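In: what's the 3D shape of this:
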Amino acid sequence: MTQYQITLDSEILQHIFTGDDGMAKLMEQVLNQVLNAQVTEQIQAEPYERTKERQAYRNGFRLRTMNTRVGALELQVPRLRSGQFST
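Out: This next block holds a predicted model:
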């Protein structure tokens with residue numbers, strides 16, 4: 001099983017305790033970091049890393065809205081130049 005290390009901004013933590021949309025912002029940030037970790041695992045290289053094992057190259061993001069019970073989440077789904085990214 002893969003382990004992910006999630007980094008949270010202090011602004012997100014403040015929103016959780018004071019704002020109405022705190023949980024949505026938290027979920028959005030966590031899911032975007034998981035998507036980036038998955039694409040790194042799939043292509044076997046970090047952003048801007050040059051390795052012999054690299055499978056493809058990143059080509060930006062697609063913005064997608066995901067409606068959930070906690071609110072609408074704006075996800076940045078990674079794009080690849082050659083090949084298809086799948087979660």
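
In: in the least confident helix or strand in the chain by mean pLDDT, what counts as buried?
Out: In the chain, no helix or strand scores lower on mean pLDDT, DSSP states H and E than helix 10-18, which sits at a mean of 78. Using 16 or more other CB atoms under 10 Å as the test for burial, helix 10-18 gives I12, H15. Any C-beta I mention is one placed from the backbone N, CA and C, and that applies to glycine too.

In: Just give the nearest non-adjacent residue to N36, would you?
Out: Nearest residue to N36, sequence neighbours excluded (CB to CB, 6 or more residues apart in numbering): P78, at 6.6 Å.

In: same question, R79
Out: Nearest non-adjacent residue to R79 (CB to CB, 6+ apart): N59, at 4.5 Å.

In: how about the one you found, secondary structure?
Out: strand (DSSP: H, G, I helix; E, B strand; the rest coil).

In: show me what contacts it?
Out: R79, L80, R81 (CB atoms under 8 Å, 6 or more residues apart in numbering).

In: Recalculate using a threshold of 10 Å.
Out: Listed by CB atoms under 10 Å, 6 or more residues apart in numbering, the contact partners of N59 are P78, R79, L80, R81, S82, F85.

In: try A24
Out: Per CB under 10 Å, 6+ apart, neighbours of A24: H15, I16, T68, R69, V70, G71, A72, L73, E74.

In: Would it be right to say that the last one lies in a strand?
Out: Yes - looking at E74 with three-state DSSP, it is inside a strand.

In: need the contact list for it.
Out: With CB under 10 Å, 6+ apart, E74 has these contacts: A24, K25, E28, L31, N32, L63, R64, T65, M66.

In: Is the residue nearest to the spatial centre of the chain in a helix, a strand, or coil?
Out: Centrality entry for the chain: nearest residue to the mean C-alpha point is N32, 2.0 Å, by CA atoms, centre = their mean. When classified by three-state DSSP, N32 comes out as helix.
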